[in-house]
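Undergrad: Please find the sequence and the predicted model below.
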Amino acid sequence: MSMKNRGGEQISRSVVVVSHKWTLFLCVASFCAGLFFTNRLWIMPEAKGVTRTTSVEAERLKLVSEGCDPKFDRVNRVPTEIFEDVSKTQHAMQTLDTTITNLEMELAAAKAEQESIINGSPTSETAAKRKYFMVIGVNTAFSSRKRRDSIRATWMPQGEKRRKLELEKGIVARFVIGHSATLGGILDRAIEAEDRKHGDLLRLDHVEGYLELSAKTKKYFATAVSLWDAEYYVKVDDDVHVNIATLGETLARHRKKPRVYIGCMKSGPVLSQRGVRYHEPEFWKFGETGNKYFRHATGQLYAISKDLASYISVNQHVLHKFANEDVSLGSWFIGLDVKHIDDRRLCCGTPPDCEWKAQAGNICVASFDWSCSGICRSVDRIKEVHRRCGEGEDAVWKATF
């Protein structure tokens, strides 16, 4: 094919002509290639193990998560039996807690016995193996020889009868006293001579003093636990009349209860005034002026079970002492699972009060005058109280505990 330029010259040009078949073939091939590469770029491979959620399934999952699925109540609702099981579990936990507390008390007793062996306490092999019913500790002082003799002449058996009381009834009775500030002085020698004569004194590693009664109480229980394995430990003042058989019968009614604290429970005022009797130097610990003490047994006579006495023995070095020993004892049991038993027969008045009650068949455990915190002029009057309010000499031998 030829063409002319502007100068009129003849120009020759070759043109390549493609057939219609090849044109059609190339078009179809380009179209297929386009389809192939388009699918490879836009179709994302699904992750292995992951399923797609349709819009219907997504809506159903939303209903289930909100608790609106009609099948939810039938499949996932917590049955009432589970709540009952939870209640039983809580009860079992409370029982376990009580068991742990009892084991702790037994451990305290074991520690006290171990300490008595390590410290060389005079615990004989027979006393260590023998079980006693109760130990009665009569709190006394160096100046109270006449009081001790008056008790020996009335309600505390002496000589062979006292030993028989221990062997047959499991009842130990001792006067409890420490030593003087001058160890080995004339006061201590007088007590040693008295003990050689009667054999009814329990000597404590404690310096005697009225302001040290709380410390003496701790030392008494710790010492008594190490010497005698008894069910109960009793503390009584040396100006109080006691009926031993009635006391034993009273304690025996509570022997199946753990952590028993028995006495005439009271809640007297906290005295902040200096110079008055029973003044409490730490009155501010009991709240506002005019407040009362927590409930505690009056100090003339009270009894505690072995587990509580063991608790005092093990923790004696950290138990706080208030001015009044009965308040101190009550404070040591706050926070413990202790059974407080208020028995008014442990704090009867002297005749005619205790006499009328005895005639009515309700014999008193202990008798004293509240106005004197003991029997007024006890050395002169305790024989009269014993005659009119005593349970009889044979009562303790006929009693069964």
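TA: Right, received. Where do you want to start?
Undergrad: can we go C-alpha only for contacts and neighbour counts from here?
TA: OK.
Undergrad: gap between Lys281 and Val270?
TA: Just so we're on the same page, residue 281 is Pro rather than Lys. From Pro281 over to Val270 the distance is 10 Å, taken as CA to CA, to the nearest Å.
Undergrad: neighbour-wise, which of those two wins?
TA: Between Pro281 and Val270, counted using other CA atoms under 10 Å, Val270 has the larger neighbour count: 23 against 14.
Undergrad: which parts of stretch 350-359 are buried?
TA: Judged by neighbour count using 16 or more other CA atoms under 10 Å, the buried positions of stretch 350-359 are 350-351, 354-355, 357-358.
Undergrad: Give me the contacts around that stretch.
TA: With CA atoms under 8 Å, 6 or more residues apart in numbering as the contact definition, stretch 350-359 has outside contacts at 348, 363-364, 367-369, 375, 385, 388-389.
Undergrad: so where's the chain shaky on pLDDT?
TA: In the predicted model, the chain carries pLDDT under 70 at residues 1-20, 22, 32-88, 90-129.
Undergrad: what about the most centrally placed residue in the chain, is that helix, strand or coil?
TA: Geometric centre of the chain, nearest residue: Leu336, 3.2 Å, by CA atoms, centre = their mean. Using DSSP: H, G, I helix; E, B strand; the rest coil, the three-state assignment for Leu336 comes out as coil.
Undergrad: phi, psi of it?
TA: phi -100, psi 160 (degrees, to the nearest 10).
Undergrad: got it, and Lys292?
TA: Taking degrees, to the nearest 10, you get phi -110, psi 160 for the backbone angles of Lys292.
Undergrad: Look up how far Arg147 lies from the closest residue to Arg388 other than its chain neighbours.
TA: If you skip the residues right next to it in sequence, Arg388 has Glu355 as its closest partner in space, 5.7 Å away by CA to CA, 6 or more residues apart in numbering. Note on Glu355: its distance to Arg147, by CA to CA, is 22 Å.
Undergrad: Can you get me a residue count around the closest residue to Gly390 other than its chain neighbours?
TA: Distances taken as CA to CA, 6+ apart put Asn243 closest to Gly390, at 6.3 Å, once the chain neighbours are dropped. Look at Asn243: counted by other CA under 10 Å, it has 24 neighbours.
Undergrad: Same question for the one 3 residues further on.
TA: When counting by other CA under 10 Å, one arrives at 22 neighbours for Thr246.
Undergrad: Let me have the buried residues of stretch 350-359 in CSV, extended by distance to Phe142 and secondary structure.
TA: Conversion of the buried residues of stretch 350-359 to CSV gives the following (distance: CA to CA, whole Å; DSSP: H, G, I helix; E, B strand; the rest coil):
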residue, distance to Phe142, secondary structure
Thr350, 26, coil
Pro351, 29, coil
Cys354, 30, helix
Glu355, 32, helix
Lys357, 34, helix
Ala358, 33, helix
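Undergrad: gap between the closest residue to Leu213 other than its chain neighbours and Lys216?
TA: With sequence-adjacent residues excluded and distances taken as CA to CA, 6+ apart, Leu213 is closest to Glu325, at 5.6 Å. When CA to CA is the yardstick, Glu325 and Lys216 sit 9 Å from each other.
Undergrad: Looking at those two, which is more packed in?
TA: Comparing Glu325 with Lys216 by neighbour count (other CA under 10 Å), the higher total belongs to Lys216, at 23 against 20.
Undergrad: Only the buried residues of the strand or helix carrying the more buried one, if you could.
TA: Taking DSSP states H and E as the definition, one finds Lys216 inside helix 213-227. Counting neighbours by 16+ other CA under 10 Å, one finds that the buried residues in helix 213-227 are 213-227.
Undergrad: and which of these is nearest Ile151?
TA: When the buried residues of helix 213-227 are compared for distance to Ile151 (CA to CA), Tyr220 wins out at 19.5 Å.
Undergrad: Spatially nearest residue to that closest one (excluding sequence neighbours)?
TA: The shortest distance from Tyr220 to any residue other than its chain neighbours is 6.9 Å, reached at Leu204 (CA to CA, 6+ apart).
Undergrad: Just give me the neighbour total for the one you found.
TA: If you count neighbours by other CA under 10 Å, Leu204 ends up with 17.
Undergrad: for Gln158, same thing?
TA: Around Gln158 there are 17 residues (other CA under 10 Å).
Undergrad: which residues sit in contact with Ile171?
TA: By CA under 8 Å, 6+ apart, the residues touching Ile171 are 132-136, 165.
Undergrad: Okay, and which of those residues map to strands?
TA: If you go by DSSP state E, these have 132-136 in strands.
Undergrad: Between those residues, which sits nearest Ala297?
TA: The shortest gap between Ala297 and any of these belongs to Ile136, at 16.2 Å (CA to CA).
Undergrad: isn't that closest one right up against Asp237?
TA: No. No contact is recorded between Ile136 and Asp237 when judged using CA atoms under 8 Å, the distance being 10.4 Å.
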